[in-house]
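Asker: Let's see this in three dimensions:
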Amino acid sequence: MRLDASPDVHAYLRFSLSGLAGTTISKALLLLYANNSDSSGIRAWAVSDNTWGELSMNYTNAPALGSQLASSSPFSSVGWVTMDVTSYITGNGTYSIGVTNLSSTAISVDSRESGVNAPQLIITYSGALSPTSTPTPTGTLASTNTPTPTFTPTPTSVFTPTATATPTATPTPTPTSGTVNTPTPTFTLVPTPTATSTPSVSSVTFTPAADTYVDSANPTINHGTSTTLRLDGSPDVHAYLRFTISGFSGTISQVRLLLFANNSDSSGIRAWAVSDNTWGELTMTYSNAPALGTQIASLGSFATGWVTLDVTSYITGNGTYSMGITNLSSTAISVDSRESGANGPQLVISYH
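Answerer: Numbers count the residues shown, from 1 in each chain. Down below sits the predicted model:
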């Protein structure tokens with residue numbers, strides 16, 4: 001989908017949501033895969049007219065853009081761009097969204113026909129799904145100190161001419177401290193097809209079993225209960241995340257790590273493999289922290305908000321995965337930890 005400010009070129013998406021009766025939505029994130037950098041960022045707009053046709057709409061008959069819903073920070077490289085559209089998504093229904101940019105240099109984002117990099121709407125909610133949602137996900141929360149979540153993923157959307165995306169719940173793993181969190185289910189939707197069909201795409205979301213950060217200036221202090229994960233190049237302050245993936249079946253096509261940044265960063269951040277999974281959220285310090293291994297992902301400059309790192313090369317299926325997060329700047333920043341709630345880290349696995 002091409003975007004350009006001069007001449008005016010903008011995109012439209014339509015999502016159909018069902019099965020959310022009786023739930024409370026806490027977060028709705030629109031993910032778009034950008035094929036170019038953009039120094040101005042992009043914008044999302046409400047569109048009240050849902051009658052437009054994918055194969056019949058043109059600039060002359062396109063519905064008007066309404067109020068601005070969200071904006072992204074500038075992005076300096078190809079990759080996922082995330083915008084928070086929670087204010088617009090209220091529950092079951094059909095939602096159209098327009099997407100524009102401010103730059104006179106044309107860019108593009110992948111459409112639903114692209115397959116694995118198609119737009120996604122990730123909903124985080126509480127409460128039970130309505131009976132209209134036929135797939136029944138399974139998940140258990142362990143009462144021990146070792147996180148043992150199980151999950152049987154089911155397709156969240158099928159690209160057929162009459163398909164409706166079906167939500168799939170995701171359990172939240174048990175913290176290493178032994179306390180049990182209330183699971184926050186999420187599901188992922190892709191735009192509802194209107195005429196053509198494309199391969200099926202499914203996603204499942206996992207939250208960390210543990211996360212913390214370590215600080216070289218305070219090498220014996222633990223930060224496992226903090227609601228943020230601090231990052232700094234000087235002194236060395238970096239974060240650790242551990243995810244437990246179980247009950248998963250399918251062929252992985254992409255894995256994205258989503259972090260909510262509380263500050264901008266001109267140098268970007270990096271994700272690193274960590275082979276040692278025995279570290280404790282409430283016991284690890286800089287002095288006993290496991291070593292960072294090979295770099296698995298990087299992201300350029302960003303502003304406050306959601307940032308996305310592609311960690312597909314690291315996640316191969318069921319198992320336990322630890323990652324380190326660093327930045328290169330000597331100005332400290334922070335990202336929200338799992339203790340923060342709705343803005344905690346997420347690992348989104350797309351598969352078929």
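
Asker: Angles on the backbone of the nearest residue to Ala118 once chain neighbours are set aside, please.
Answerer: In this structure, Ala118 finds its nearest non-sequential neighbour in Arg112, 4.3 Å apart by CB to CB, 6 or more residues apart in numbering. Where you see a C-beta, it was placed from the backbone N, CA and C, and this is true even at glycine. Note on Arg112: its backbone torsions stand at phi -60, psi -30 [degrees, to the nearest 10].

Asker: so what are the domain limits for the protein?
Answerer: 1-205, 210-351 (automatic domain parsing).

Asker: now stretch 209-220: how far from the chain's centre is it?
Answerer: 24 Å (CA atoms, centre = their mean, to the nearest Å).

Asker: try stretch 261-280
Answerer: That offset, for stretch 261-280, works out to 16 Å (CA atoms, centre = their mean).

Asker: Send me it as CSV with only the CA atoms.
Answerer: In CSV, the C-alpha atoms belonging to stretch 261-280 read as follows (Å, rounded to 0.1, in the frame of the first residue of the first chain):
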residue,chain,number,x,y,z
ALA,A,261,9.7,2.7,24.9
ASN,A,262,9.3,5.5,27.5
ASN,A,263,11.9,7.6,25.7
SER,A,264,13.2,8.4,22.3
ASP,A,265,16.6,7.0,21.3
SER,A,266,18.8,8.3,18.4
SER,A,267,21.0,5.2,18.3
GLY,A,268,18.4,2.5,18.5
ILE,A,269,18.4,-0.7,20.5
ARG,A,270,19.7,-4.3,20.0
ALA,A,271,18.5,-7.8,21.0
TRP,A,272,21.0,-10.5,21.9
ALA,A,273,20.8,-14.3,22.4
VAL,A,274,21.3,-15.5,25.9
SER,A,275,22.0,-19.2,26.2
ASP,A,276,21.7,-19.4,30.0
ASN,A,277,18.0,-19.7,31.1
THR,A,278,18.7,-20.4,34.8
TRP,A,279,18.8,-16.8,35.9
GLY,A,280,16.2,-15.6,38.5
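
Asker: average pLDDT for that stretch?
Answerer: Stretch 261-280 shows a mean pLDDT of 93.

Asker: List the buried residues in that stretch.
Answerer: Within stretch 261-280, the residues scored as buried using 16 or more other CB atoms under 10 Å are Ala261, Asn262, Asp265, Ser267, Gly268, Ile269, Arg270, Ala271, Trp272, Ala273, Val274, Trp279.

Asker: and the two most separated of these?
Answerer: Ser267 and Trp279 (26.1 Å; CB to CB).

Asker: sorry, back to before: correct me, but the residue nearest to Ala118 touches Pro119?
Answerer: Yes. Counting by CB atoms under 8 Å, Pro119 is a contact partner of Arg112 at 6.4 Å.

Asker: Show me where the chain dips below the pLDDT cut-off.
Answerer: The chain contains residues with pLDDT under 70 at 129-201.

Asker: Taking the centroid of this protein, which residue is nearest it?
Answerer: Centroid-nearest residue in the chain: Leu258, 4.3 Å away (criterion: CA atoms, centre = their mean).

Asker: What is the three-state secondary structure of that residue?
Answerer: strand (DSSP: H, G, I helix; E, B strand; the rest coil).

Asker: Identify the residues contacting it.
Answerer: Going by CB atoms under 8 Å, 6 or more residues apart in numbering, Leu258 touches Leu29, Thr82, Trp306, Val307, Thr308, Pro345, Gln346, Leu347, Val348.

Asker: go with 6 Å
Answerer: Trp306, Thr308, Gln346 (CB atoms under 6 Å, 6 or more residues apart in numbering).

Asker: burial of the second one, as a residue count?
Answerer: Using other CB atoms under 10 Å as the criterion, Thr308 is surrounded by 22 other residues.

Asker: Tell me the bridge partners for it.
Answerer: Leu258 (DSSP bridges).

Asker: would TSV of the contacts of Leu258 with distance to Ser330 be doable?
Answerer: Shown next, in TSV, are the contacts of Leu258 (distance: CB to CB, whole Å):
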residue	distance to Ser330
Trp306	24
Thr308	24
Gln346	28
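
Asker: with those residues in mind, which one is nearest to Ala297?
Answerer: Relative to Ala297, and with distances defined as CB to CB, the nearest of those is Thr308, at 9.3 Å.

Asker: my guess is that closest one meets Arg256, correct?
Answerer: Yes. Look at Thr308 against Arg256 with CB atoms under 6 Å: they come within range, at 5.2 Å.

Asker: List the contacts of stretch 84-103.
Answerer: Residues contacting stretch 84-103 (CB under 6 Å, 6+ apart): 3, 5, 10-18, 20, 27-30, 38, 40, 42-47, 50, 65, 69-70.

Asker: Just the buried residues from these, in ChimeraX please.
Answerer: Buried residues within the contacts of stretch 84-103, by 16+ other CB under 10 Å, are selected in ChimeraX with:
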select :3,10,11,12,13,14,15,16,17,18,20,27,28,29,30,38,40,42,43,44,45,46,47,65,69,70
